[in-house]
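# Any chance you can model this:
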Amino acid sequence: NVATTSQTIEIVDNTPPVWVETLPTNVTVGCDNIPDFVNLTVVDACEDGIVVMTNEFTSGNPCPGGGIILRTWVAFDCIGNMATHVQTITVED
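Down below sits the predicted model:
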């Protein structure tokens, strides 16, 4: 007598990449105190070496006069789960 069985296990990744560093917070600064752009990295159970895409949008010319700087970081893992962070920098002259 012989008995056989099979099992299919489907692993589903619903977890987005996780930021490694402390995320930059929203701040209000003067023209001489605009923080440097920070390079962020992520870790993920699905894959190593995920590239973090960045963008910086400036509303008008913040110096002189004041304005808004929006900085965005986005990372996708191999399944398409997304981690995103946005920092708003309000510049007051």
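
# now stretch 23-37, how far from the chain's geometric center?
Its chain's C-alpha centre and that of stretch 23-37 lie 17 Å apart, by CA atoms, centre = their mean, to the nearest Å.

# what do you get for stretch 74-83?
So, by CA atoms, centre = their mean, the centroid of stretch 74-83 is 9 Å from its chain's centroid.

# tell me which residues of that stretch are tucked away?
Buried residues in stretch 74-83, counted by 16 or more other CB atoms under 10 Å: 74-77, 81, 83. All C-beta atoms are positioned from the backbone trio N, CA, C, and that covers glycine.

# Any chance of JSON lines for those, columns pLDDT?
Shown next, in JSON lines, are these (pLDDT from 0 to 100):
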{"residue": "74", "pLDDT": "98"}
{"residue": "75", "pLDDT": "96"}
{"residue": "76", "pLDDT": "95"}
{"residue": "77", "pLDDT": "92"}
{"residue": "81", "pLDDT": "93"}
{"residue": "83", "pLDDT": "96"}
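
# Show me those that map onto strands.
74-76, 83 (DSSP state E).

# Could you list the low-pLDDT ranges of this structure?
Regions of the chain meeting the criterion pLDDT under 70 are absent.

# Run a quick check on residue 30 versus residue 66, I expect a contact.
No: applying CB atoms under 8 Å, one finds residue 30 not in contact with residue 66, separated by 9.1 Å.

# List just the nearest of the ones in strands among the buried residues of stretch 74-83 to residue 46.
residue 76 (10.0 Å; CB to CB).

# which residue sits closest to that closest one, ignoring its sequence neighbours?
Distances taken as CB to CB, 6 or more residues apart in numbering place residue 82 nearest to residue 76, at 5.3 Å, with adjacent residues excluded.

# Surely the one you found is in contact with residue 75?
Yes: applying CB under 8 Å as the test, residue 82 and residue 75 come out as touching, 7.1 Å apart.

# Secondary structure element for residue 47, which one?
Assigned by DSSP states H and E, residue 47 belongs to neither a helix nor a strand.
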